[in-house]
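**Student:** Quick check, what structure comes out for this input:
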Amino acid sequence: MLSTYLSNHKAQLLTISEAQYCPFTCVGFIKTLKTKLLEACWLTAKKNNVTQKFSQPDIVQLITFLQSDTNIDTTAQACIEVMANLPQNINLAFINALMNEPTLQSLTKLIIYKVLLQQHSFNLIAYIDLKTLGFALTTNQESLENLQPTLDKNFLVSSQTKNTDVINTFKHLCNAGLINSPLMSLFLLSLSWEQVNVVGNYASNTLTVDQTMQVLLQSNFAKLIPLASTSLNKVEDPSAIIALIRRLLGDKLDLLVSFETQLQAWQGDELSCSEFKRQLQANWPKFEGELSSSRLIAGKALNTKLNAIEISAMDSYSQAVFNLYSYYQHVTTKQLTAEAVL
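**Tutor:** Numbers count the residues shown, from 1 in each chain. A predicted model of the protein is given here:
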């Protein structure tokens with residue numbers, strides 16, 4: 001079936017891949033796209049008398065595909081679609097096989113990252129540990145080697161963690177090129193407001209305005225939205241800031257800024273960006289009491305237990321961060337409970 005996806009349905013694969021990166025496209029809609037693609041793939045296989053069976057993607061076949069077509073994104077997405085129809089033990093075996101094939105390192109990194117963006121990814125997070133995510137998200141071996149000790153023991157902090165340790169972990173993430181990444185989000189979500197202030201002060205003295213605002217918004221404190229709004233005409237990449245605001249507030253942003261203005265501003269229209277800032281600043285006071293005390297992912301309170309419908313309303317990236325945070329909060333709670341018993 002992998003061959004059927006790549007030989008006949010590249011356009012649909014690319015559409016799904018692009019939708020997963022969009023802060024305005026919900027998981028539920030992407031699920032619909034995936035269902036339509038699966039149906040189309042079955043019909044294509046039947047028409048071409050191809051065996052209609054999902055199996056672990058073949059490493060040699062993947063190498064051959066990439067030699068003839070350098071679009072790594074569609075190849076990775078095709079693997080993800082196949083994995084969605086396989087049991088987790090086979091998916092894990094596939095990921096392990098990929099990680100042992102040096103010629104497919106770029107593809108391996110992208111597939112691991114895309115696993116996070118899938119609706120069913122929560123079941124795999126327990127097996128794809130922080131070091132594996134670090135491998136997937138970093139761009140070179142040296143930065144990964146420097147980051148790994150931090151991922152081993154000091155990554156998730158508590159309110160009792162020393163500020164020097166918090167900053168040290170933050171520096172490792174920055175040095176690894178992970179300023180705007182799921183790992184940075186996971187780290188910042190483990191911080192208290194006071195610790196976020198410490199990180200923000202350090203970032204403002206060492207990073208660019210763009211990078212500092214990206215860091216602050218990934219802490220998901222809604223009270224930072226007005227500050228982010230004032231920075232829109234100061235940053236080099238306002239689209240990244242608008243995406244983070246959307247991923248923080250979710251559809252609550254529609255109360256502050258018209259959806260059309262949000263979308264056009266995110267797509268780079270300068271007039272829409274100015275209008276985005278104007279509308280947000282004008283409407284924020286109406287909802288400040290409701291929002292300023294909140295810590296949100298896609299408009300949902302951080303520690304709220306969500307049902308499948310609520311998760312499907314998130315964009316793929318927000319869902320990935322929510323799943324990561326939920327899983328590691330669960331792990332931390334279990335560890336603390338075990339330590340208390342001892």
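**Student:** Which helix or strand in the chain has the lowest average pLDDT?
**Tutor:** Within the chain, no helix or strand scores below helix 122-125, which has a mean of 68 by mean pLDDT, DSSP states H and E.
**Student:** Who are the packing partners of the following helix or strand past that one?
**Tutor:** Downstream of helix 122-125, the first helix or strand assigned by DSSP states H and E is helix 130-137. Helix 130-137 makes packing contacts with helix 105-116, helix 141-153, helix 182-189 when contacts are defined by 3 or more C-beta pairs under 8 Å, 6 or more residues apart in numbering; DSSP states H and E. All C-beta spots, glycine's among them, are computed from the backbone N, C-alpha and C.
**Student:** Of those, which stretch is the most buried?
**Tutor:** helix 182-189 (a mean of 23; mean count of other C-beta atoms under 10 Å).
**Student:** Mind listing what's buried along the helix or strand just after that helix?
**Tutor:** Later in the chain than helix 182-189, the nearest helix or strand by DSSP H and E is helix 193-206. For helix 193-206, burial by neighbour count (16 or more other C-beta atoms under 10 Å) applies to 195-196, 198-200, 202-203.
**Student:** now swap in stretch 87-104 and tell me
**Tutor:** For stretch 87-104, burial by neighbour count (16+ other C-beta under 10 Å) applies to 90-91, 94-95, 97-99, 104.
**Student:** Name the residues that touch it?
**Tutor:** 56-57, 59, 62-63, 66, 79, 83, 86, 107-108, 111-112, 115, 123-124, 127-128, 132, 135 (C-beta atoms under 8 Å, 6 or more residues apart in numbering).
**Student:** ok, now stretch 56-70?
**Tutor:** Against stretch 56-70 from outside (C-beta under 8 Å, 6+ apart): 2-3, 6, 72, 75, 79, 82-83, 86, 90, 93-94, 97-98, 101, 103-104, 107.
**Student:** Then stretch 176-183?
**Tutor:** Taking C-beta under 8 Å, 6+ apart as the rule, stretch 176-183 contacts 116, 130, 133-134, 137-139, 143-144, 146-147, 173, 184, 207, 211, 214-215, 218, 240, 244, 317, 320-321, 324.
**Student:** per-residue confidence averaged over that stretch?
**Tutor:** Mean per-residue pLDDT for stretch 176-183: 93.
**Student:** gap between the two ends of that stretch?
**Tutor:** From the first residue to the last, stretch 176-183 extends over 11 Å; the measure is C-alpha to C-alpha, to the nearest Å.
**Student:** Go through it and flag the buried ones.
**Tutor:** Buried, per 16+ other C-beta under 10 Å, within stretch 176-183: 176, 178-183.
**Student:** which one of the residues you listed sits closest to residue 257?
**Tutor:** Ranked by distance to residue 257 (C-beta to C-beta), those are led by residue 180 at 21.1 Å.
**Student:** which phi and psi does that closest one have?
**Tutor:** Reported as degrees, to the nearest 10, the phi and psi values for residue 180 are phi -120, psi 90.
**Student:** before we move on, the earlier item: select, out of the helices and strands packed on helix 130-137, the one closest to residue 160.
**Tutor:** helix 141-153 (15.2 Å).
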